[in-house]
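J.: Okay, sequence plus prediction incoming.
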Amino acid sequence: MPAKKIAVVIGSLRKDSMNRKFAHEVIALAPPSLTFEIVEIGELAIYNQDLEENGAVAPQAWTQFRQRIKDVDGVLFFTPEYNRSTPAALKNAIDVGSRPYGASVWSGKPAAIVSVSPGATGGFGANHHLRQSMVFLDMPLLQQPEAYIGGAANLLGPDGKINNDGTRQFLKKFIDTYAAWVETTAKK
């Protein structure tokens, strides 16, 4: 059986972000039944319906992003928390992928969310705001285990790798559970 293709969408645009580091660590822990592609969102123009209606051609970055998401079997989101919500770039990517109305590339793709924060609550607010969008987007969402990574800076060594066995074990359980979720939920 071929591996399921998973898009990894990282809400932090910083090249050296904790979310990006945790995304790479989770990918490294994943079973071979999944393959991953990090889909960058930093070059997406702010969604504006005027840019693709009345004969206008959608920006190339939107078209490429939509195609990349359309071609995968599932989506794994990593998000920091900005002001108790998701970063604007992540919300914009969700909006770009959900339009034009009726042509959402997200629909039916099994998803999971990891929120990573230096704070104690582990990005709880961002995680739950993103969950609200998943309901509307018709993305079956992994419910358990929930992944709120608090105090994240203390869980990474100077090399950017997880330095805590308990965190590594939790993330292994998370990605293994997600792999099983994708296997049973992804469209055949």
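T.: Noted; the coordinates are in hand.
J.: which residues touch the residue nearest the centre of the chain?
T.: With distances taken as C-alpha atoms, centre = their mean, the residue of the chain nearest its centroid is residue 77 (1.4 Å). Taking C-beta atoms under 8 Å, 6 or more residues apart in numbering, we find residue 77 in contact with 9, 11, 90, 111, 112, 113, 114, 130. For every residue, glycine as well, the C-beta is placed using N, CA and C.
J.: 10 Å instead, please
T.: Neighbour list for residue 77: 7-11, 19, 23, 86, 90, 93-94, 111-115, 126-127, 130-131, 133-134, 139, 141 [criterion: C-beta atoms under 10 Å, 6 or more residues apart in numbering].
J.: Could you report the distance from it to residue 166?
T.: 23 Å (C-beta to C-beta, to the nearest Å).
J.: thinking again about what came up before, what sits opposite the residue nearest to the centre of the chain in the beta ladder?
T.: residue 9, residue 113 (DSSP bridges).
J.: quick one: it from residue 15, how far?
T.: Counting by C-beta to C-beta, the gap from residue 77 to residue 15 is 18 Å.
J.: again with residue 7
T.: 19 Å.
J.: More neighbours: the two, which one.
T.: residue 7 (23 against 7; other C-beta atoms under 10 Å).
J.: need the helices for this protein, in chain order.
T.: 18-29, 60-70, 88-98, 124-137, 165-185 (DSSP state H).
J.: nearest to residue 107, of those helices?
T.: helix 124-137 (6.6 Å; C-beta to C-beta).
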